[in-house]
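1. got a structure for you, letters missing:
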């Protein structure tokens, strides 16, 4: 039990040291920027004298890349969009073929002689005339 408490205390001390180091580094950075703004010479930019030359911020781990999420979204979204386009196109083509077959079947069924008396009687009574083919005098 005592070992676990000592380990936690040591870990907490390391975390606290890291936080304090970051705070002093941020303070030093802020002081540097203020020094740059107040001590700028009118004739040219000279290298400013560091206020705390012994203090330097050294990151413990690499920073996160903010574009990683954007790249991941493109890597997933772009191929999915292409696949959806292809699948939609196939579905539309299937419907088109179905409609074309239905039209073709209607054309085929409309040709030829009708066996109904009603259609035979109407075609014998009135010969087929084309409008505009006769010239009236």
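-> Sure thing, it's come through. For clarity, every value in this text was computed on a predicted model and none was experimentally measured.

2. Can you give me the distance of residue 108 to residue 118?
-> When Cβ to Cβ, to the nearest Å is the yardstick, residue 108 and residue 118 sit 22 Å from each other. C-beta: built from backbone N, CA, C; applies to glycine.

3. Can you pull out the low-pLDDT segments for this protein?
-> 1-11, 13, 15-16, 18-50, 114-116, 119-137 (pLDDT under 70).

4. Now residue 86: which helix or strand?
-> Per DSSP states H and E: residue 86 is located in helix 68-110.

5. which secondary structure elements does that helix contact?
-> Helices and strands touching helix 68-110, as assessed by 3 or more Cβ pairs under 8 Å, 6 or more residues apart in numbering; DSSP states H and E, are absent.

6. just use 662 as the starting number from now, easier for me
-> Shifting the count to begin at 662 puts that one at helix 729-771.

7. Distance-wise, check residue 715 relative to residue 678.
-> Taking Cβ to Cβ as the measure, residue 715 falls 17 Å from residue 678.

8. ok, the two, which is more surrounded?
-> Taking neighbours as other Cβ atoms under 10 Å, residue 715 and residue 678 compare with residue 678 leading, 10 against 6.

9. Look up how far residue 749 lies from that one.
-> Computed as Cβ to Cβ, the residue 678 to residue 749 distance reads 59 Å.

10. just residue 741 next, same as before
-> Plainly put, residue 741 is 12 Å away from residue 749 if you go by Cβ to Cβ.

11. Equivalent analysis for residue 722, please.
-> For residue 722, the distance to residue 749 - Cβ to Cβ - is 45 Å.

12. When the two are compared, which one has more neighbours?
-> residue 749 (10 against 5).

13. Could you report the separation of the more buried one from residue 755?
-> Distance, residue 749 to residue 755, using Cβ to Cβ: 11 Å.

14. Repeat that for residue 746.
-> Between residue 746 and residue 755 the computed distance is 15 Å (Cβ to Cβ).
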